[in-house]
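**Student:** What would the 3D arrangement of this be:
(one chain, ligands or ions: 3)
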Amino acid sequence: MPISVTASAQAAAYDLDVTSDAIDEVNQIRGRLWDDDSAFDKEKEKESFRDYDNACDRVKNFYREQHEKQTMAFNIKARVDFKSRKRGRMGVWEAIELLNTLVDESDPDTSLSQIEHLLQTAEAIRRDGKPEWMQVAGLVHDLGKLLLLFGSEGQWDVVGDTFVVGCKFSDKIIYPDTFKSNPDSYDSVYSTEYGIYKPHCGLDNVMLSWGHDEYLYNVLKDQSYLPEEALAMIRYHSFYPWHREGAYRHLCNEKDERILAAVKAFNPYDLYSKSDERIDAEKLAPYYKGLIAKFFPPVLDW
Ligand SMILES: O[C@H]1[C@H](O)[C@@H](O)[C@H](O)[C@@H](O)[C@H]1O
Ligand SMILES: [Fe+2]
Ligand SMILES: [Fe+2]
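**Tutor:** Numbering: from 1, shown residues only. Ligands and ions are numbered 1, 2, ... in the order given. Have a look, this model is predicted:
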């Protein structure tokens, strides 16, 4: 019957529509679930990084010592010392090779050598098609740990997260209770919200705890062709209370808000590339030596 033919044709058409709609919908849902699943796994994996509550004693002891000893007085002395001493002259690749002999006691997340960490960071940035200057920032960002060979007092004045000295220690710093042993916590000026600083004076005018970030920034600011963003990535990459936890905004100016975006963009490459597969340093060396030649003089003062 025409009607039933029409009906069945309609039904078929309807079925077909339903079917194709349904397929689309299922595919979409599957796509979402698939994305969500991998996003979920990634988030779960990310949560396992920087887990300081469950960190080993080596890490906890490191921060106890660092938070006790990074005083304003020490930081002034470290800067005077930096300016008044020559530590050595070498090229950037040589420095990378030299760094490889060191172990970072503050890091709960990697047992890899320093050269591998630097190359993994740079490779992750390169894989994402980011500019050469950012790959170079990744390649060199931890070179300041060479301070360990240049007469640092220990690990506590080289590695670990950084924070502001000269004003109240932020409770956004990991293990904030350990600052009870720092004499600056009881200083009538250094223990106040602004301490020695003016509101929104800018991070350029603030003293960050001395370590590999601050040291390398000072070495490279006049001895490289890196843009401002790369230098900021180097200088602030360990400043987690600021770039991750949002602390110290009362000291920041417009420039800091701008460079914060660069530092935040850099952070995942530094942190999460630690779980990437192993790299072959020898195979990568020619490419990175080429980049080094573009951004640095052949020999630098360290
Ligand atoms: O333990 C790590 C390590 O020392 C990194 O090099 C530094 O950038 C991080 O901020 C710190 O938490
Ligand atoms: Fe670092
Ligand atoms: Fe790093």
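**Student:** Enumerate the residues of the stretch 101-250 of the chain near ligand 3.
**Tutor:** Contact residues, the stretch 101-250 of the chain versus ligand 3 (CB under 5 Å from the ion): residue 142. Just so you know, the C-beta spots here come from the backbone N, C-alpha and C atoms, and that holds for glycine as well.
**Student:** Which part of the stretch 101-250 of the chain gets nearest to ligand 1, residue-wise?
**Tutor:** Residue nearest to ligand 1 within the stretch 101-250 of the chain: residue 238 (3.1 Å; CB to the nearest ligand atom).
**Student:** surely that residue meets residue 213?
**Tutor:** Yes. Using CB atoms under 8 Å, residue 238 is in contact with residue 213, at 5.0 Å.
**Student:** Can you work out which residues contact both of those two?
**Tutor:** residue 162 (CB atoms under 8 Å, 6 or more residues apart in numbering).
**Student:** re earlier: how much space separates the residue of the stretch 101-250 of the chain closest to ligand 1 from residue 292?
**Tutor:** 23 Å (CB to CB, to the nearest Å).
**Student:** all helices for the chain, in order.
**Tutor:** 2-47, 57-69, 72-84, 92-99, 114-127, 132-140, 212-220, 228-236, 240-243, 254-272, 281-295 (DSSP state H).
**Student:** Which pLDDT does the model give the closest residue to residue 146 other than its chain neighbours?
**Tutor:** Once flanking residues are discounted, residue 146 sits nearest to residue 99: 5.7 Å by CB to CB, 6 or more residues apart in numbering. The model reports residue 99 with a pLDDT of 92.
**Student:** Could you verify my assumption that residue 99 touches residue 144?
**Tutor:** No. Contact status for residue 99 versus residue 144: not in contact, 9.2 Å apart, counting by CB under 8 Å.
**Student:** more neighbours, the two?
**Tutor:** When residue 99 and residue 144 are compared for neighbours, residue 144 comes out ahead with 28 against 22, by other CB atoms under 10 Å.
**Student:** The more buried one contacts residue 215, correct?
**Tutor:** Yes. Here residue 144 reaches residue 215: they are 4.3 Å apart, a contact under CB under 8 Å.
**Student:** overlap in contacts of these two?
**Tutor:** residue 158.
**Student:** who touches residue 232 in this structure?
**Tutor:** Neighbouring residues of residue 232 by CB under 8 Å, 6+ apart: 259, 262, 263.
**Student:** Who are the contact partners of the closest residue to it other than its chain neighbours?
**Tutor:** Nearest residue to residue 232 in three dimensions, chain neighbours excluded: residue 259, at 4.0 Å (CB to CB, 6+ apart). Residue 259 makes contact with 228, 229, 232, 236, according to CB under 8 Å, 6+ apart.
**Student:** switch to 10 Å and redo it
**Tutor:** Residues near residue 259 by CB atoms under 10 Å, 6 or more residues apart in numbering: 203, 228, 229, 231, 232, 233, 235, 236, 243, 252.
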